[in-house]
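[1] sequence and predicted model, in that order:
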Amino acid sequence: MKEAEAARDRRISLRAQKKAFVEAYIEKFGNVCYICGEPPNGKTLRLDHDHACASCGDEHAYGGTAGGCISCFRGLLCNHCNLGLGLFRDDPQLLMTAAAYLQMQPMATV
């Protein structure tokens, strides 16, 4: 029973830390997506984090603290940008290749 209470208290503490961190982030950068600069338009911005963060441990598994630890926080993203990064597997090289592809001239013939 005490282990369950300790885990609950830890999750509550992490939520409070994240809330304070996000509020400070919004104060500094504004309540807009870090990538596209758009406001959330009635939706909540997503807490983006490094999925490979070793210090997160089991935090990613907790429903109430999903979003990683504060040390791997990268920014707040709108749903479109957050999903886009995920679809590109958070791989910078893959994103750069996709950006170069978008800048190519259309192929008139093959």
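    Nice, I can see it.
[2] which sections of the chain are below the confidence cut-off?
    For the chain, residues meeting the criterion pLDDT under 70 lie at 1, 54-69, 110.
[3] continuing past the helix or strand containing E23, what's the next helix or strand?
    Assessed by DSSP states H and E, E23 sits inside helix 2-29. Sequence-wise, the next helix or strand downstream of helix 2-29 (DSSP H and E) is strand 46-49.
[4] contacts for whichever helix or strand comes after that following strand, please.
    Toward the C-terminus, strand 46-49 is succeeded by strand 73-77 as the next helix or strand (DSSP H and E). Applying Cβ atoms under 8 Å, 6 or more residues apart in numbering, the contact partners of strand 73-77 are 21-22, 25-26, 29, 31-35, 45-50, 67, 85. For every residue, glycine as well, the C-beta is placed using N, CA and C.
[5] centre of the chain versus strand 73-77, how much separation?
    5 Å (Cα atoms, centre = their mean, to the nearest Å).
[6] what strands line up against it, and which way round?
    strand 46-49 (antiparallel) (DSSP bridges).
[7] filter the contacts of strand 73-77 to the buried ones?
    Among these, the ones that count as buried by 16 or more other Cβ atoms under 10 Å are 22, 25, 32-35, 45-49, 67, 85.
[8] out of those, who's nearest R10?
    Closest to R10 out of the buried ones among the contacts of strand 73-77 is G67 (15.1 Å), distances taken as Cβ to Cβ.
[9] so what touches stretch 80-95?
    C33, Y34, I35, C36, R46, D48, D50, H51, A52, L77, A98.
[10] I'd like those residues as TSV, with distance to P106 appended.
    What follows is the contacts of stretch 80-95, written out as TSV (distance: Cβ to Cβ, whole Å):
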residue	distance to P106
C33	29
Y34	31
I35	26
C36	25
R46	33
D48	33
D50	36
H51	35
A52	36
L77	30
A98	16
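[11] how about the residues you listed, which pair is most distant?
    It's C36 and A52 that sit farthest apart of the contacts of stretch 80-95, by Cβ to Cβ, at 23.7 Å.
[12] how many residues are close by L102?
    7 (other Cβ atoms under 10 Å).
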